[in-house]
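Q: test case, fold it:
(chains A and B)
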Protein chains: 2
Amino acid sequence: MSAKKNLPKKLDDISKWYLALIDQAKLADYGPAKGTMIIRPYGYAIWENVQKALDTEIKKSGAVNAYFPMFIPNSLFAKEKEHVAGFAPETAVVTHGGGEELKDPLIVRPTSEMIMYEAYSRWISSWRDLPMVINQWNNVVRWEKRTYPFLRTTEFLWQEGHGAHATHEENMDRALWGINTYAKIYREFFAMEGVIGRKSESEKFAGADTTFTFESIMPDGKALQSCTSHDLGQNFSKTLDITFQNKEGANEHVWQNSWGFSTRSIGGLILVHGDDNGLKIPPKLAPIKLAIIPVLGKKDDEVLKYCEKIKEKINNFISEFNGSVEIFADTEKSFGWRINDAELQGIPLRIEIGARELEEKTITLSFRIPDMAKKVSRFEDVDSFVEENLKLVQNEMFKSSQKMLKDMTYEVESYEEFKKVMNTTKGFIKAFWCENSDCEAKIKEETKASTRCMPLGSEEEKGKCIYCGNEAKNKWYFAQAY
Amino acid sequence: MSAKKNLPKKLDDISKWYLALIDQAKLADYGPAKGTMIIRPYGYAIWENVQKALDTEIKKSGAVNAYFPMFIPNSLFAKEKEHVAGFAPETAVVTHGGGEELKDPLIVRPTSEMIMYEAYSRWISSWRDLPMVINQWNNVVRWEKRTYPFLRTTEFLWQEGHGAHATHEENMDRALWGINTYAKIYREFFAMEGVIGRKSESEKFAGADTTFTFESIMPDGKALQSCTSHDLGQNFSKTLDITFQNKEGANEHVWQNSWGFSTRSIGGLILVHGDDNGLKIPPKLAPIKLAIIPVLGKKDDEVLKYCEKIKEKINNFISEFNGSVEIFADTEKSFGWRINDAELQGIPLRIEIGARELEEKTITLSFRIPDMAKKVSRFEDVDSFVEENLKLVQNEMFKSSQKMLKDMTYEVESYEEFKKVMNTTKGFIKAFWCENSDCEAKIKEETKASTRCMPLGSEEEKGKCIYCGNEAKNKWYFAQAY
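A: Next up, the predicted model:
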């Protein structure tokens, strides 16, 4: 790891800052094929912590993990018309295998509905087989024109869960479970606030009846669709004839849902929490929870021994949090360089140890998040002290994300106001919309802002569409999307 | 889950038995694209337990996880001549992306040496960057003519670790760490014995100086190459110019190694341990450690309540073993059917609970492995009792695998004897070989037996090649390979 080298200021040019930070903190690198990304060990360690948290929730809910092939024969892929229309333009196609041209080319999965449901159609025959809820952690490919590390890459990692149910109600419950679980992971682990809502007809998943989303706002005022969950209705089950015999002995088509959470989330984490000094990783996801930085000088051996004792004392509980304590003791690097390095890496807490701390058997805790004064603890209490402050940091980071969301949400009454926001700060715009896709398209064309979602639980109001003035029942969230 | 339906006898037709068992125990299914496999939830749960065990060892060794793209531009893939010659015939090729024909087609990784080392060449500049040891858990594709679930599929899952080191010695240590760690996982988790050895020149990995292997014998006398670890020397570092400045300031090429362990291992587990009644999963890998099977009748409620109490008491410690306790209480199925079902699934231990056990507050333990008499315990001791017997079963299964390896290894002095073994029982044949690839090819042509490996730690002897009679220094293991 190397400390930061002229990291651009975040608010001067967020895109430059983002790319430089990913490079300098060694989160990711470019792959040689267009639009592909290498997730480097430090970035991948964050993803592993996300996986542990989310996989636990998925299993707790009764879903099971499995693995389906990534190659979907084109003849199968093409069966569901809306689905293929949405995804075909962005697929990668294997036309040759084992030196021969294939009669039926293979689509590299952009998502696994078709390949999984072909199996579901063979595995499901009775109501006893339902619900069938299977999840997989895998790679998918979507050919993108403009790519951006983590946020939009040709290949990315995610989990995709797929439920088949006997009733529409049960199916909707699982689709909602999906988006609510994702929101919980974002809030509790990523310390990121967002809006849970429903997508418009034009923005929903190709093949879904309803798409739910968790939308977050980024510091540049653009929104990130952070994950989605879909009620697929009976669209796929009718195409693939996935039926079950109900308790009365009649055949019915199953109801289906799918939900996915990807490495895109790490892009959101970087953008929301990072600052001019580097990353800021919420304690629950940080691969390194605490950096111990010795002042190296006359009493090196003793100081280092003291650092080791602190590390040992903390390590027992900290490993439960899927992370480590690291001593930054590279003698070739200055004390200041090492502090910068810990900041660049976004390590939540820092303990600096010199001769005085050694003598007094104390430790001084510094915080990665700004505006937190240093705190002192006695050596005996260091483990509970660190644990308590990790929790504090997690909470503080979430609070600041909540504040950002609030500060960057604008409720507007006119299209003039709407355009003014889009021409200045950008952000989430709450506005009445008549749900006509023509207005939606025009607004996007004129302002770059697309509908992001209608918040779940919104109550109907009486209003007029911001664009055409016709009757509108709900305020929608608009923003320019990442 | 459904209990077995006329499972063929293992020794009558092992191939038929193997395929029927995979189907009936719901371990895997076929994908729609040729040679691909769906790993169903029960099979995947075994793989997850393998991953946990192996990932722990990998991280303990200082390696870190990451993720590299699966698409390798053909121009990059073709750079290492031996490597490409070995893998090109079995690749899948993406020629179209986003609706356009690609100028530089993309190879779907059959292994990741080229894509990873291209990055290593950019990341490594000084001795301070070494060793660099990165692992990934991913999917790879090798276009196979004849496929077989788990053992040889077009797409499979594995981990591949890749080390770059400053010296050949250190590099060799890591390559040996690889094969020794795999052997440990096979022995301690899979309860499978095998031979650690070195591959012949013709059988080694395309691009390696030396390939190490762990070879197991299957009940039909064929050998399974269960995993491999390679000393790649400086072959790739010279092709891709991966150099580092040593402590003296001079530039040197790094030394490299790679090692992989795949879902093929689950095929070995099924073949070695399964029997006419179904799977037999070693306790450390079993997704379900214990089946509680109530005798349903007059006192259902009380019996079920007692089952729940047993489950609860055991569950606390058993979750540490990455598995669960399940109560088989489907009232629509007979007691016998449910026992068959638990056997089919290879659950190591079974507790049958009826009115008597309820009254006496005892439990009776039955074993999935044959020839173990039932045992009785008091309710109070059931957790430690179960733990103890899980360990016992793990040991007994390993012992029986050790015995099988011993029984199926034949040391022969003449080619006549060699052919006799191959014409009858098959198995591992230990025989002197001159290490001339012509003899090796002739033996394979005439008997189907290829060289499997020369055991590590073999001491040189004086002997004559079983085929040509010329001088030979070592006895090699031969067998027909899976």
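
Q: what residues of the longest helix along chain A count as buried?
A: Assignment by DSSP state H gives helix A:382-407 as the longest helix of chain A. For helix A:382-407, burial by neighbour count (16 or more other CB atoms under 10 Å in any protein chain shown) applies to A:382-383, A:385-387, A:389-390, A:392-394, A:396-398, A:400-401, A:404-405. From N, CA and C alone the C-beta is placed, and that goes for glycine too.

Q: kindly report the same for stretch A:255-265.
A: A:255, A:256, A:257, A:258, A:259, A:260, A:261, A:262, A:263, A:264, A:265.

Q: same question, stretch A:140-157
A: Buried residues in stretch A:140-157 (16+ other CB under 10 Å): A:140-144, A:147-157.

Q: again with stretch A:373-380
A: So, applying 16+ other CB under 10 Å, buried residues of stretch A:373-380: A:377, A:379.

Q: before we move on, what about stretch A:15-32?
A: A:17-18, A:20-32.

Q: could you list which of the residues you listed also contact chain B?
A: The residues of these that also fall near chain B, by CB under 8 Å from any CB of the partner chain, are A:29, A:31, A:32.

Q: mind giving me a markdown table with the residues you listed and columns for secondary structure?
A: As requested, those are exported to a markdown table (DSSP: H, G, I helix; E, B strand; the rest coil):
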| residue | secondary structure |
| --- | --- |
| A:29 | strand |
| A:31 | coil |
| A:32 | coil |
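
Q: tell me which of the residues you listed is nearest to chain B?
A: Nearest to chain B out of these is residue A:31 (CB to the nearest CB; 3.8 Å).

Q: do a quick rundown of the strands in the stretch 351-482 of chain A.
A: A:362-367, A:375-378, A:409-411, A:428-433, A:449-455, A:463-464, A:471-472, A:474-480 (DSSP state E, counting those that start in this stretch).

Q: coming back round to it: among the buried residues of stretch A:15-32, which ones are in helices?
A: A:17, A:18, A:20, A:21, A:22, A:23, A:24.

Q: quick one: the last one and residue A:274 touch, right?
A: Yep, that's residue A:24 we're talking about. No: counting by CB atoms under 8 Å, residue A:24 stays clear of residue A:274, with 11.0 Å between them.

Q: and residue A:12, what helix or strand is that in?
A: In the assignment (DSSP states H and E), residue A:12 maps to no helix and no strand.

Q: and it, how many neighbours?
A: 9 (other CB atoms under 10 Å in any protein chain shown).

Q: dump the residue contacts of residue A:429.
A: A:409, A:410, A:411, A:412, A:418, A:421, A:422, A:449, A:477, A:478, A:479 (CB atoms under 8 Å, 6 or more residues apart in numbering or on different chains).

Q: filter the residues you listed down to the buried ones, ChimeraX style.
A: Per 16+ other CB under 10 Å, the buried members of those correspond to this ChimeraX selection:
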select /A:410,412,418,421,422,449,477,478,479
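
Q: hmm, back to that, mind putting the strands of the stretch 351-482 of chain A into CSV with mean pLDDT?
A: Shown next, in CSV, are the strands of the stretch 351-482 of chain A (pLDDT from 0 to 100):
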stretch, mean pLDDT
strand A:362-367, 95
strand A:375-378, 94
strand A:409-411, 98
strand A:428-433, 98
strand A:449-455, 98
strand A:463-464, 96
strand A:471-472, 97
strand A:474-480, 98
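
Q: ok and the longest helix of chain A relative to strand A:362-367, angle-wise?
A: Computed by axes from the mean of the first three to the mean of the last three CA atoms, to 10 degrees, the angle separating helix A:382-407 from strand A:362-367 equals 20 degrees.
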